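J.: only geometry, no sequence info:
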């Protein structure tokens, strides 16, 4: 089936995938006087006096904005706010369907870091959380970091942390299959964008050893002393690859246990896989075509294989993460999404695959597993307590 | 019934009066691939190439933001973004109920004119219109004017123009009752805020004679040469009160045919009404208590009496206006709300009261008259053609 054609038709027919629904009907003067003036003045007075009560009396209780500057949308790159709009709408649909979070898409007509920060701060009062989306690196780091500091509601750049959490969940389970230990495995992360960096950091938080991780960008292996790196890569170089291995992806892969791809299609050659350690785990998330094609992967010794694709087992999809995370913080009133919450979320997702079910073709629940958002939300709330 | 108490309970129970509804369900991989990736990429490419198509393929087709800085909310004044939130939600409910417009409330955490303008421009791509709300004068004038110039979607400050249109509609019909001519009647506008100024301008656009209009602020009658006036009042002084009458409200009223109050409760003394011309028309919109109480009004020679109150005939309520206006511009794709559209809207509302129905107790349709939004939208669309 041609999803492009089908999607084009769907969007043309719906003219937007979201609508606003009133929870309170206005049928007569009584309704009008309660929902709106004069009655609403009482609620206004209450919230003007104590803004914290907005979570009890207003849409702030359940609202998130999915906000982007359109600079790094899907695999399409910097297509601007209009191109980004249907993607943000889709994300809002997922928020609603999977966790009953009311998400509203905002597409920004600026790509200036300071203006983005200012604009998001200015519109924040009515929202209970901020889901940053599809903002290119390195701006996304500063934007998220600053907003986390300067706002009193949870802020998360999903491309970073949603992806990192679901990858961690997949790897926790994949390691059970190959019976390897997180403190010993060697990992290659191919790609050095925001997702790659977030994955690497979260893996280290979880107990994987930086020493054993090598990140590779389009130039080659990232190592201490390599010239011309941005501050984020310099930081990665300080924390990983302590042996200062240099060279290209193929050199990094020799003896590695895990390949994590957040890069582009077909960069992982089958013959390189055969230089990896036994029972290699390959998480190849380039979209829509993974770093190694499904046909090629089958010809190698890969033991556990995950991709971003919905038509193949082990779909590594952050829809497993963001609905439940925001459900959790909205319900608990948490002001931050902490590292502990992320780790607990990954563990909760991994745990949903029982020992009996666990297999190389089933390391991670399906995106349609209705239990996922709930267990993630509960994990988040438990940490919050 | 105590609407304050009732409203407080309603808001606490609902935790926000709006929710987001997905128009497209996601039940399986096929849905996910059509609503979201990979299918949505095709729509993104289309919109990235031609942003005008956002009106055909996205929520921009039917979305408006109801946006405020919380500086002039209801009769409560500058209560800030949190206090304003339930009011903006209420307005969004009205948009949906009366004209099926999807309105999303945004409450700004800034009251700086330039920052408000910049923020609204930054978030504009996903919206088909901007409804400015409850922003205090004189900032509201510059904000609206600049946004109208700098954005390619309709922008309207409802407190100004919604009010002006409904007042004009009421006066068109009231004049039929007292059989007076718009070019001859003398009008006193009490109040000099944004609504008062917008009413005065629209009356003049319609054919009322500036010569015959006197505006009164808290200091007294506005006239050419009065000291210490802001530029907007200076402008009004140049266009109205050509005889340079000075003094207080009671002096302005002598011989006047129409009193329009956008001020505060009980400032119109019954004995002053008796100095007005025969069959005076009094539109007293102070909220919740009008410029002359209903009891006092009954003791005077007032012929036609309108207020903002829902429990009395002739409720002058801009819910008669904004839903239909935005319905009209969203449907027609108009980039501006023009003076012609405003005049046509007022005439369309007035015309809904048939000759047979017209009486001093019925000069304006009820807010619940389902025909209103439709005829206003049609009037707007007709002008657009």
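T.: Perfect, I can see it now. If you're wondering where the values come from, they're calculated on a predicted model, not measured in any experiment.
J.: which ones are touching residue A:218?
T.: Counting by CB atoms under 8 Å, 6 or more residues apart in numbering or on different chains, residue A:218 touches residue A:192. All C-beta atoms are positioned from the backbone trio N, CA, C, and that covers glycine.
J.: From residue A:186, how far off is it?
T.: 22 Å (CB to CB, to the nearest Å).
J.: hmm, who's touching stretch A:337-355?
T.: Residues from elsewhere that reach stretch A:337-355 (CB under 8 Å, 6+ apart): A:154-156, A:161, A:164-166, A:168-170, A:172-173, A:202, A:205-206, A:320-321, A:324-325, A:328-329, A:334, A:362-365, A:369, A:371-372, A:375-376, A:378-380, A:382-384.
J.: So which of those sit within strands?
T.: Using DSSP state E, A:155-156 are the members of the contacts of stretch A:337-355 that sit in strands.
J.: Figure out the helix or strand that the closest residue in space to residue A:167 that isn't next to it in sequence lives in.
T.: Leaving out its chain neighbours, the residue that sits closest to residue A:167 by CB to CB, 6 or more residues apart in numbering or on different chains is residue A:199, at 5.1 Å. Using DSSP states H and E, residue A:199 sits within helix A:194-206.
J.: and that helix, what other elements does it pack with?
T.: Under the contact definition 3 or more CB pairs under 8 Å, 6 or more residues apart in numbering or on different chains; DSSP states H and E, helix A:194-206 sits against helix A:139-150, helix A:158-178, strand A:187-190, strand A:213-216, helix A:231-239, helix A:339-351.
J.: If you count neighbours, what's buried in the longest one?
T.: This means helix A:158-178. Within helix A:158-178, the residues that count as buried by 16 or more other CB atoms under 10 Å in any protein chain shown are A:158-175, A:177-178.
J.: now swap in the fifth one and tell me
T.: Buried residues in helix A:231-239, defined by neighbour count with 16+ other CB under 10 Å: A:232-233, A:236-237, A:239.
J.: show me where pLDDT drops low in chain A?
T.: A:1 (pLDDT under 70).
J.: So for it, the centremost residue is which one?
T.: residue A:162 (2.1 Å; CA atoms, centre = their mean).
J.: can you put the buried residues of helix A:231-239 in JSON lines and add distance to chain B?
T.: What follows is the buried residues of helix A:231-239, written out as JSON lines (distance: CB to the nearest CB, whole Å):
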{"residue": "A:232", "distance to chain B": "26"}
{"residue": "A:233", "distance to chain B": "27"}
{"residue": "A:236", "distance to chain B": "27"}
{"residue": "A:237", "distance to chain B": "32"}
{"residue": "A:239", "distance to chain B": "31"}
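J.: Chain B contacts on the stretch 151-300 of chain A?
T.: Neighbours of chain B within the stretch 151-300 of chain A, by CB under 8 Å from any CB of the partner chain: A:287-288.
J.: thinking again about what came up before, make sure the residue nearest to residue A:167 is actually in contact with residue A:258.
T.: No: using CB atoms under 8 Å, residue A:199 is not in contact with residue A:258; the gap is 10.8 Å.
J.: rewinding a little: how about the nearest residue to the residue nearest to the centre of chain A, chain neighbours excluded?
T.: The shortest distance from residue A:162 to any non-neighbouring residue, by CB to CB, 6+ apart, is to residue A:318 (3.4 Å).
J.: How many residues are close by the nearest residue to residue A:324 once chain neighbours are set aside?
T.: Once flanking residues are discounted, residue A:324 sits nearest to residue A:376: 2.7 Å by CB to CB, 6+ apart. If you count neighbours by other CB atoms under 10 Å in any protein chain shown, residue A:376 ends up with 30.
J.: Can you select the buried ones from the contacts of stretch A:337-355 in ChimeraX?
T.: This is the ChimeraX syntax for the buried subset of the contacts of stretch A:337-355, where burial follows 16+ other CB under 10 Å:
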select /A:154,155,156,161,164,165,166,168,169,170,172,173,202,206,320,321,324,325,328,329,334,362,363,364,365,369,372,375,376,378,379,380,383,384
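J.: sorry, back to before: gap between the residue nearest to residue A:162 and residue A:115?
T.: As judged by CB to CB, residue A:318 and residue A:115 stand 27 Å apart.
J.: Compare the two and say which one has the larger neighbour count.
T.: For residue A:318 versus residue A:115, the count of surrounding residues by other CB under 10 Å is larger for residue A:318: 24 against 17.
J.: list the contacts for the more buried one?
T.: Going by CB under 8 Å, 6+ apart, residue A:318 touches A:158, A:162-163, A:165-166.
J.: cool, residue A:255 as well?
T.: Shown in contact with residue A:255 (CB under 8 Å, 6+ apart): A:186, A:275-277.
J.: try it again with 7 Å
T.: The contact partners of residue A:255, by CB atoms under 7 Å, 6 or more residues apart in numbering or on different chains, come to A:186, A:276-277.
J.: ok, now residue A:152?
T.: Contacts of residue A:152 (CB under 7 Å, 6+ apart): residue A:335.
J.: ok but it is inside a helix, no?
T.: No: assessed with DSSP: H, G, I helix; E, B strand; the rest coil, residue A:152 is coil; it does not lie in a helix.
J.: Look up phi and psi at it.
T.: phi -110, psi 20 (degrees, to the nearest 10).
J.: What's the separation between it and residue A:55?
T.: 11 Å.
J.: before we move on, what about residue A:167?
T.: Distance of residue A:167 to residue A:55, given as CB to CB: 32 Å.
J.: Could you do residue A:161 as well?
T.: 23 Å.
J.: One more: residue A:43?
T.: Note on residue A:43: its distance to residue A:55, by CB to CB, is 13 Å.
J.: Compare those two and say which one has the larger neighbour count.
T.: Higher neighbour count among residue A:43 and residue A:55: residue A:43, with 27 against 18, using other CB under 10 Å.
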